[in-house]
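*Asks:* Just to be clear, the model below is a prediction. Sequence and coordinates:
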Amino acid sequence: MSSNTPLPPRRSSGAANATARANPPKKKKKKWPRVLFAIILLVILGLGAYAYSLWREVDGALDDASSGASTQTVPEGEKAQVKPISLLLLGMDYRPKIGGMNTDVIMVAAFNPKSNTATVVTIPRDSDLQLDGYSTQKINAFYARFHSKSDAKGDAANAYARDEMKQMLGKFFGININYASVLNFQGFVDVIDKLGGVKVNVDKDMRYVDNADGTNIDLKAGEQTLHGEDALGFVRYRKSNRGTAASSDFERNERQSQVLGAIVDKMKSFGGITKLSGVIDVAGKNVVTDIPKAQITNILKTYYDINREDIRFIPLTGVWKSPYVYLDKDSVAEAKAALAEEMSPEGRAAAATDGDGK
């Protein structure tokens with residue numbers, strides 16, 4: 001079940017954030033994984049049939065950008081064409097004005113080649129997973145904590161934090177999570193702008209100002225096209241200091257799914273196709289991932305024709321009891337079952353066949 005109780009003002013994540021602020025991620029030179037994940041990001045969002053026809057052009061660009069990159073191969077039985085894969089997607093709230101490494105967007109996605117379908121589960125950022133072996137804290141603070149605990153620095157510390165997040169959420173959902181990717185909020189803003197905005201239904205008036213980090217959310221209810229900063233405000237809005245109604249983590253998760261669907265629609269339009277190269281460029285500058293290049297090729301070949309209707313969005317629900325969201329057991333059970341189904345050899349193909357009597 002969900003709760004409409006307004007959430008309190010956002011608080012610091014403590015020592016982990018302090019460490020992150022003291023050692024903010026340094027700007028890295030553009031590397032091949034960032035460029036590669038720009039493509040898988042589009043696939044995740046439901047990039048349509050035109051993607052495969054563009055593969056030769058994109059592959060050439062990847063070759064130019066992959067100097068010195070890993071030549072890791074993918075075993076035959078692990079290829080995306082023959083085996084379901086799962087991904088952890090993290091949206092990091094890192095902004096130079098305030099530092100911090102909170103992962104305020106947390107999604108687990110599973111893809112099945114047999115049924116050509118996907119399931120995306122969204123987890124509220126304030127959730128207490130109540131998972132054995134892990135401390136009680138908001139889920140969005142774990143990445144920063146893992147990062148600070150790593151003996152390594154730089155890219156190695158980022159990789160350690162991603163691996164720990166995969167292990168933790170894999171244990172929670174009862175699946176093996178193959179890959180993880182981190183997109184910062186600036187990448188989200190830039191992608192939306194490159195697409196020329198996305199059409200969504202703003203569910204309420206939203207007004208919030210924070211001069212410390214430059215936030216200025218000013219939206220009116222109704223269907224409209226939102227550009228980068230406004231789209232980010234739409235998916236992040238939670239409280240108001242200018243007289244509008246507050247929002248809940250659960251409503252935020254529903255907005256995230258709505259925006260993902262809107263991006264799918266935009267990318268499958270002619271206008272989205274013409275902007276593909278710009279989207280790849282800006283996403284590539286703001287994303288890091290551990291997906292091998294060879295597997296990216298496999299994923300594109302397998303899911304080039306996936307449609308929005310084939311992507312099942314499941315936002316977890318629960319109850320807010322300050323300072324945590326306690327997840328509803330039925331909601332978690334539904335998500336676990338959906339992910340398990342997607343990761344099974346047949347995926348949703350068997351259920352679809354049974355349903356139409358064929």
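*Replies:* Right, received. Where do you want to start? Numbering: from 1, shown residues only.

*Asks:* Point out where the stretch 151-300 of the chain drops to low pLDDT.
*Replies:* 268-277, 280-281, 283-284 (pLDDT under 70).

*Asks:* Tell me which stretches of it form strands.
*Replies:* With strands called from DSSP state E, counting those that start in this stretch, the stretch 151-300 of the chain shows them at 179-184, 198-202, 206-210, 215-219, 222-226, 287-289.

*Asks:* Most tightly packed of those?
*Replies:* For the strands of the stretch 151-300 of the chain, the largest average neighbour count (mean count of other CB atoms under 10 Å) is found in strand 179-184, namely a mean of 23. For the C-beta atoms, the positions are set from N, CA and C on the backbone; glycine is no exception.

*Asks:* Tell me which residue is most central in the chain.
*Replies:* residue 89 (3.6 Å; CA atoms, centre = their mean).

*Asks:* Next, that residue: phi, psi?
*Replies:* Note on residue 89: backbone dihedrals following degrees, to the nearest 10 are phi -110, psi 120.

*Asks:* number of nearby residues for the closest residue to it other than its chain neighbours?
*Replies:* Among residues not flanking residue 89 along the chain, residue 107 sits closest, at 4.3 Å (CB to CB, 6 or more residues apart in numbering). Applying other CB atoms under 10 Å, we find 23 residues neighbouring residue 107.

*Asks:* Quick check: beta-bridge partners of residue 107?
*Replies:* On the basis of DSSP bridges, residue 107 is bridged to residue 89, residue 122.

*Asks:* Distance of it relative to residue 335?
*Replies:* The gap separating residue 107 from residue 335 is 11 Å, by CB to CB, to the nearest Å.

*Asks:* Quickly list what's touching both of the two.
*Replies:* By CB atoms under 8 Å, 6 or more residues apart in numbering, residue 107 and residue 335 have these common neighbours: residue 121.

*Asks:* Now for residue 221: which residues touch it?
*Replies:* For residue 221, the contacting residues are 202, 203, 204, 205, by CB under 8 Å, 6+ apart.

*Asks:* Swap in 10 Å and give it another go.
*Replies:* With contact taken as CB atoms under 10 Å, 6 or more residues apart in numbering, residue 221 is in contact with 201, 202, 203, 204, 205, 206, 244.

*Asks:* Neighbours of residue 319, how many?
*Replies:* For residue 319, using other CB under 10 Å, the count is 14.

*Asks:* Can you give the distance from stretch 150-170 to the centre of its chain?
*Replies:* 17 Å (CA atoms, centre = their mean, to the nearest Å).

*Asks:* Likewise for stretch 328-341?
*Replies:* That offset, for stretch 328-341, works out to 18 Å (CA atoms, centre = their mean).

*Asks:* can you tell me the average pLDDT over that stretch?
*Replies:* For stretch 328-341, the mean per-residue pLDDT is 97.

*Asks:* Residue 167 versus residue 161, what's the distance?
*Replies:* Residue 161 is 11 Å from residue 167, by CB to CB.

*Asks:* Please identify the buried residues of stretch 109-117?
*Replies:* Neighbour-count burial for stretch 109-117 flags 109, 110, 111, 112, 113, 115, 116, 117 (criterion: 16 or more other CB atoms under 10 Å).

*Asks:* I'd guess the first one is in a helix, am I close?
*Replies:* No: Residue 109 sits outside any helix when classified using DSSP: H, G, I helix; E, B strand; the rest coil, being strand.
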